[in-house]
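# build me a model from this:
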Amino acid sequence: MAHFLFILRLGPLAFAQKTFNGSLPILVSAPYSWTKFASIIFLDQPLNTGFSITSTSKCTDDLQASNYVYEFLLKWFDDYTEFISNPFYVSGDSYSGIIIPVIVQLISDGNETANKQLINIKGYTLGNPATFPEEKNYQIPFSHGMGLIPDELYKSLKENCKGDYQNISPTNELCVQYLTMFKKLVSGIYDLHILEPLCGLDSPNQQQLFGERRSLGEDFVTLKNDDSICQESRVAKLELSFYWANNPKVQEVLHVIKEKIERPWLRCRRTMKNTTYKMTLMNSIPYHINLSSEGYRSLIYSGDHDMLVPFQSTQAWIKSLNYSITDDWRPWIVDGQVAGYTRSYSNHMTFATVKGGGHTAPEYKPKECYHMFKRWITQQPL
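Sure thing, here's the model as predicted:
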């Protein structure tokens, strides 16, 4: 969501304090904001996420959501024509790996249909992107490589499941048995960053951790997990975001139409009241193929400690495009230290890992991601 990006990932602001003290959380300038070298439009989508609202349809899907973004961009550039000539890139992470390639394709097709440059699209970036249905199959080799499961279990899983851990026949009892063992072993792992404590805030059960009362202070959301380890982790920053985003003064400055907002802002709203969103596009690889053939640049990066969309699955679909390598696997450096590894291809696609990064790499490694994106956007080698 746009607010989360704006404050906690790559936007211009950060929280000055570590924990909530009863007052409006204090904001300071973020030292590694991508806005220092790029103008960024932060957009809440699909509709009814964040503070976005609609006066029309309450039902949407992946393609319709992408069309809404394209329509918004056309209207935005119509209002701010001074930016039309600027190189334009579309960025996102996680499930945006499905949506972003569609949006870029819509922009490209729109320019071609109009026979003029409506939007000066140059490429796109994606972080730990969801891309194709079989990505969970790569959680097993990831877990083995990270030392979460033993060699014997990994070997048994490979032999009995044949590399497919999603479409399992109930008659394959050994595969079911070993997969149950695997799930038990990793049940205490935070899959968005395996080194972080499992505090539950980003899980489907986050509603159990937070109340949804409207007023700030005692009557508002309270973190129910009192574990000191969780309080010292990123959870404390996320709690601050709840208080900040739901403060009436903040919402007034953000021009939030309060009567249209039915519930308090949440970091990740798993269900959207009065909205039916259908995930209809399961594979965005064909869009990457089309966009590559049209010459668009792309940066695909993976926090290497993310188990939800492991870097192995991202490497696999990139390899399936079958483009030749122009800059082979090598480390990329920040302040004299290895920040990750990278490889570039003849279709103008660059893949990079972010060492120590999770599912949302800029949140965990802001300095490294700042330099990675700045080098790429200015067409310098990582």
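# quick check, pLDDT for residue 195.
pLDDT recorded at residue 195 is 94.
# same deal with residue 51?
Here, the pLDDT recorded for residue 51 equals 73.
# and the closest residue to it other than its chain neighbours, how many neighbours does it have?
Sequence neighbours aside, residue 256 is the residue nearest to residue 51 in space, at 4.9 Å (criterion: CB to CB, 6 or more residues apart in numbering). For every residue, glycine as well, the C-beta is placed using N, CA and C. Per other CB atoms under 10 Å, the neighbour tally for residue 256 reads 18.
# tell me if residue 256 really is in a strand.
No - assigned with DSSP: H, G, I helix; E, B strand; the rest coil, residue 256 falls outside any strand and is coil.
# distance of it relative to residue 171?
Separation of residue 256 from residue 171 (CB to CB, to the nearest Å) stands at 54 Å.
# now swap in residue 128 and tell me
In this view, residue 128 and residue 171 are 34 Å apart by CB to CB.
# out of those two, which sits in the busier spot?
A count of neighbours by other CB under 10 Å puts residue 128 above the other of residue 128 and residue 171, at 28 against 7.
# tell me how many other residues crowd the closest residue to the more buried one other than its chain neighbours.
Of all residues not flanking residue 128 in the chain, residue 309 sits nearest, at 4.5 Å (CB to CB, 6+ apart). Residue 309 has 27 neighbouring residues, counting by other CB under 10 Å.
# tell me how far residue 309 lies from residue 131.
Separation of residue 309 from residue 131 (CB to CB): 8 Å.
# shared neighbours, the two?
Residues touching both residue 309 and residue 131 by CB atoms under 8 Å, 6 or more residues apart in numbering: residue 97.
# ok, which stretches of this structure are helices?
Using DSSP state H, the helices of the chain run over 2-4, 62-79, 96-114, 139-145, 151-161, 173-185, 206-209, 228-232, 234-245, 248-253, 285-293, 311-320, 361-364, 366-377.
# any idea how far residue 21 is from the most centrally placed residue in the chain?
Geometric centre of the chain, nearest residue: residue 93, 2.6 Å, by CA atoms, centre = their mean. In this view, residue 93 and residue 21 are 31 Å apart by CB to CB.
# please apply the same query to residue 241.
15 Å.
# ok, residue 153 next?
From residue 153 across to residue 21, the span is 46 Å (CB to CB).
# the two: which has the busier surroundings?
Just comparing residue 153 and residue 21: by other CB under 10 Å the higher neighbour count belongs to residue 153, 18 against 11.
# quick one: that one and residue 182 touch, right?
Yes - look at residue 153 against residue 182 with CB atoms under 8 Å: they come within range, at 6.5 Å.
# just to revisit the earlier point, list the contacts of the residue nearest to residue 128.
Applying CB under 8 Å, 6+ apart to residue 309 gives the contacts 94, 97, 128, 129, 130, 131, 135, 302, 359.
# just name the most buried of the helices of the chain.
helix 361-364 (a mean of 25; mean count of other CB atoms under 10 Å).
# point out where this protein drops to low pLDDT.
For the chain, the stretches with pLDDT under 70 are 1-9, 17-18, 47-48, 53-59, 200-237, 259-263, 266-276.
# try 80
1-10, 16-23, 44-59, 199-242, 257-277 (pLDDT under 80).
# noted, bye for now.
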